[in-house]
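*Asks:* Sequence and predicted structure, then a few things I'm wondering about:
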Amino acid sequence: MLRLLGRKRPCFIRPFSSGFDADAISKTPVEDIRNIGVSAHVDSGKTTVTERILYYSGRISSIHDVKGKDGVGAKMDSMELERQRGITIKSAATTMFWGGKQLNLIDTPGHIDFTMEVERSLRVLDGAILVLCASSGVQTQTYTVNRQMERYNVPFVSFINKMDRAGADAYTTLQQMRNNMGLNAAFLYTPIGKEREFEGIVDVLGARCVYFEGAAGERVVYKDLPTSWEGEIIERRNELIECLSNVDEELGERYLMEEVINNTDIEHAIHRSVLARTFTPVLVGSALKNKGVQPLLDCVNRYLPDPSEVKDYALSVETEEKVEVDSSRDRSKPGVALAFKLEKGKFGQLTYMRIYQGCFRRGNTMVNVRTGDKTRVPRLVLMHSNETQEILEANAGDIVAMIGIDCASGDTFMDAAVPPKEQLSMESMFIPEPVISMTIKNLNSKDDKRFGDALNRFQKEDPTFKVEFNPENKQMVISGMGELQLDIYAERIRREYECEVELGTPTVNYRETVTKAVPFEVQYKRQSGGRGQYGFAHGVIEPLENNVGELEFVNEVTGGEIPNNFIKSVYKGVVEAMTEGALAGHRVAGIRFVLQGGKTHSVDSSDWAFSRVGYYAIKEHFVKEAVIVEPWVKVEVTAKGEHSGDVMQAISSRDGALKGLDYKEELCLIEADAPLQNMFGFTSDLRTRTSGTGIFNMEFSEHREVQSDLQNRLVSDYRDSDKYKNVGHSEYGV
């Protein structure tokens, strides 16, 4: 019976492919392109997986250690800091071929501090590989990556890695994916053994064993399935069909009618369901032990979408309506490209581009839609980590880089021949707000220029890295997503710019918001001889659900009570006031500003007057119900079971709220929520309490209201500051 269900094939050895032809990418049909990312929680073996992908596809000729112990290091971690610390700091791109498909791959960081690298990568990718650790299972950053994939509607396949590790359990990890992440997931491959006894994998659809032989597991060998395992594989196949039948209408009908379902039916259903993000296939292996990566690549080819299967939209500059771009690689279509990542290169700025429509050929003229600046298409290159390979043109579906153009991350480029009214702007990426700040001091005034150049460069390259000067204490303040990110930038300034710098004590970035609706009526009226200034508007300021986002501006004005140009002015005034803060000088966030109506004067109304209307709606009305919120983080600690009590006490002493405690063999896993402000210095505290054996991960969770005594102190300090005295108050009359 099993042989009828599976497609039995004779045993054979499959060699890995070799060679790479950069010119071949212009000839690749769109259906043979896969734009994929590799994402994971830190220390799940993501970069090791990528290193094997490069090796088996023939893109590199040998495998190297992630931490650079062999003096070379993993190909995609090209920075010396990455190899020294054993983590990925910045995303890296490459292109390769596997099984007749062109894979444009981006390896992304796993640490939450570098989440912007994941955001901008997923923004331009069509599919992804989610890597999980078989021992640790679903972890904090796994949830974050899953949310990011959901934000950009990115389909993915899952790879449970590190099956050779102590405590590895693929079945428990699968249950966590289902129960904790809410994923509809099922095995395509199951493990043969685990931990030290992990030998290979079982192909559920093929009903066969798969082994990886040779010095680097380059020979994939298929063997017959032992009779004793047939019942298990039939059960896994039925489980797979049930998961698919629940979300795929075509297969579901056949399942209900009890029709025969063959492997081709299942594979088509997997492809449809993966594209719809209603199912994720699960594979297993150990990249470090060179097992399971080639079947993963086969699944990428078979189940993840090509660019033509993904709908990508741009906004019309003229009408602001959504327009679907054409990914057919038709060179007659006007070129559309998105600049999603900037980096300093040897020959000027290196700008990573995703081509969404048409063709960009070196020497042709293109225009930056945001600025209107026209320029020649400069040198076009394919990236291979930190190496470049020149090409003459890039077509829809390609991910390339341009050398020497001046632009910002998120800019859209088009053929210069397109009239301004027909120009399109690609939807940009989500940029999280910084949650932590530190002062930074240049210790040698002779290095001031290099110090300034470094700060300007990193701020341009990384939208989550902010720099500002505090005039009160005359200190430079840098802000970002975490201590590690800021520490890395300080170290890069020392190494790359030869500036000795010193970081101060970290502080969190508070935000101001409201917890209930606040109505407003604002009249701005000025008369000082000649033409005056007049604007009037009313509406309501509401909290955003879950305090997610900065500002949602809603225009409910009817009957032309306020002309469109003045509505834009109201928006500008709101943004200005939000940046300054209203209650305690901290940025306003998490609000919905609903403009409902207003009045104008035929002579005195102006853009300035209506910008002041928006400004004082925040300064004088929002402030009446404003509260201060602070960042909270999810904390995940792994330690020996004997230290569980000490660890929980350490978290509780920092006002943390325990969320879960689980024991796995000799280890305990503790989950908690805590204020970020109270978690500074937790590393050394944990090291002391666990005799150096405890480790923890932390990621931003949400903003919560601060305690009343802290809010009162923050407001009082702000009212006594020069910052408060230098902003306008109560300029308008109602």
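*Replies:* Thanks, I have it.
*Asks:* can you give me the helices in the stretch 201-350 of the chain?
*Replies:* For the stretch 201-350 of the chain, the helices defined by DSSP state H, counting those that start in this stretch cover 230-245, 249-256, 263-275, 293-303.
*Asks:* Among those, which comes closest to Arg123?
*Replies:* helix 263-275 (18.1 Å; CB to CB). Glycine gets a C-beta too; all of them are placed from N, C-alpha and C.
*Asks:* sorry, back to before: using a markdown table, lay out the helices of the stretch 201-350 of the chain together with mean neighbour count.
*Replies:* A markdown table is the format used below for the helices of the stretch 201-350 of the chain (neighbours: other CB atoms under 10 Å):
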| stretch | mean neighbour count |
| --- | --- |
| helix 230-245 | 17 |
| helix 249-256 | 14 |
| helix 263-275 | 19 |
| helix 293-303 | 21 |
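*Asks:* Of all these, which one is nearest Tyr152?
*Replies:* Tyr152 lies closest to helix 263-275 among the helices of the stretch 201-350 of the chain, at 14.0 Å (CB to CB).
*Asks:* counting contacts, what elements does the closest one pack onto?
*Replies:* Packing contacts for helix 263-275, counted by 3 or more CB pairs under 8 Å, 6 or more residues apart in numbering; DSSP states H and E, involve helix 230-245, helix 249-256, strand 280-284, helix 293-303.
*Asks:* okay, these in CSV with mean pLDDT and distance to Asp406 next?
*Replies:* Supplementary listing: the helices and strands packed on helix 263-275 in CSV, determined by pLDDT from 0 to 100; distance: least, CB to CB, whole Å:
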stretch, mean pLDDT, distance to Asp406
helix 230-245, 95, 49
helix 249-256, 93, 50
strand 280-284, 98, 40
helix 293-303, 97, 35
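*Asks:* Just put those in TSV and tack on distance to Asp169.
*Replies:* Listed next are the helices and strands packed on helix 263-275 as TSV, based on distance: least, CB to CB, whole Å:
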stretch	distance to Asp169
helix 230-245	16
helix 249-256	29
strand 280-284	11
helix 293-303	19
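*Asks:* Which of the helices or strands spans Gln102?
*Replies:* Element membership of Gln102 [criterion: DSSP states H and E] is strand 101-107.
*Asks:* and that strand, what's its mean pLDDT?
*Replies:* Averaged across strand 101-107, the pLDDT comes to 95.
*Asks:* Check stretch 448-467 too.
*Replies:* Regarding stretch 448-467, the rounded mean pLDDT is 94.
*Asks:* Apart from its neighbours in sequence, what residue is nearest Leu350?
*Replies:* Nearest residue to Leu350, sequence neighbours excluded (CB to CB, 6 or more residues apart in numbering): Glu343, at 4.4 Å.
*Asks:* For the helix or strand where Glu502 lies, name the packing helices and strands.
*Replies:* Element membership for Glu502, per DSSP H and E: strand 501-503. Applying 3+ CB pairs under 8 Å, 6+ apart, one finds that strand 501-503 contacts strand 436-442, helix 483-497.
*Asks:* before we move on, which element is the residue positioned nearest the centre of the chain in?
*Replies:* The residue lying closest to the centre of the chain (CA atoms, centre = their mean) is Glu119, at 2.4 Å. If you go by DSSP H and E, Glu119 is part of helix 115-124.
*Asks:* do Val418 as well
*Replies:* If you go by DSSP H and E, Val418 is not part of any helix or strand.
*Asks:* Just want the phi and psi numbers for it.
*Replies:* Per-residue torsions, Val418: phi -70, psi 130 (degrees, to the nearest 10).
*Asks:* Counting neighbours, what do you get for it?
*Replies:* Using other CB atoms under 10 Å, Val418 has 18 neighbouring residues.
*Asks:* mind checking pLDDT for it?
*Replies:* pLDDT for Val418: 95.
*Asks:* got a list of what it touches?
*Replies:* Applying CB atoms under 8 Å, 6 or more residues apart in numbering to Val418 gives the contacts Pro334, Val367.
*Asks:* and Ser228, how many neighbours does it have?
*Replies:* With other CB under 10 Å as criterion, Ser228 counts 7.
*Asks:* Roughly how far does the residue nearest to the centre of the chain sit from Ile106?
*Replies:* 12 Å (CB to CB, to the nearest Å).
*Asks:* In a markdown table: the helices of the stretch 201-350 of the chain, plus distance to Val477.
*Replies:* Putting the helices of the stretch 201-350 of the chain into a markdown table (distance: least, CB to CB, whole Å) gives the following:
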| stretch | distance to Val477 |
| --- | --- |
| helix 230-245 | 50 |
| helix 249-256 | 55 |
| helix 263-275 | 45 |
| helix 293-303 | 43 |
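*Asks:* Indicate which one of the ones you listed is closest to Gln423.
*Replies:* Of all the helices of the stretch 201-350 of the chain, helix 263-275 comes closest under CB to CB, at 29.9 Å.
*Asks:* quick check: angle from that closest one to helix 230-245?
*Replies:* Put simply, helix 263-275 runs at 50 degrees to helix 230-245, going by axes from the mean of the first three to the mean of the last three CA atoms, to 10 degrees.
*Asks:* residue ranges for the helices of the stretch 401-550 of the chain, please.
*Replies:* Under DSSP H, counting those that start in this stretch, the stretch 401-550 of the chain gives helices at 448-461, 483-497.
*Asks:* contacting residues for Ala609?
*Replies:* Tyr524, Arg526, Gln533, Tyr534, Gly535, Ser569.
*Asks:* Check the residues you listed and tell me the two furthest apart.
*Replies:* Arg526 and Ser569 (15.1 Å).
*Asks:* Between the two, point out the one with more neighbours.
*Replies:* Ser569 (24 against 16).
*Asks:* in the chain, which strand has the most residues?
*Replies:* strand 626-640 (DSSP state E).
*Asks:* and that one, what other elements does it pack with?
*Replies:* Checking 3+ CB pairs under 8 Å, 6+ apart, strand 626-640 ends up next to strand 511-514, helix 644-652, strand 667-675, helix 682-689, strand 695-705, helix 708-719.
*Asks:* For these, give me CSV that also has mean neighbour count, distance to Thr505 and mean pLDDT.
*Replies:* Below are the helices and strands packed on strand 626-640 laid out as CSV (neighbours: other CB atoms under 10 Å; distance: least, CB to CB, whole Å; pLDDT from 0 to 100):
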stretch, mean neighbour count, distance to Thr505, mean pLDDT
strand 511-514, 23, 20, 94
helix 644-652, 17, 20, 93
strand 667-675, 20, 16, 91
helix 682-689, 15, 14, 87
strand 695-705, 18, 18, 86
helix 708-719, 14, 17, 92
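*Asks:* All set, thanks.
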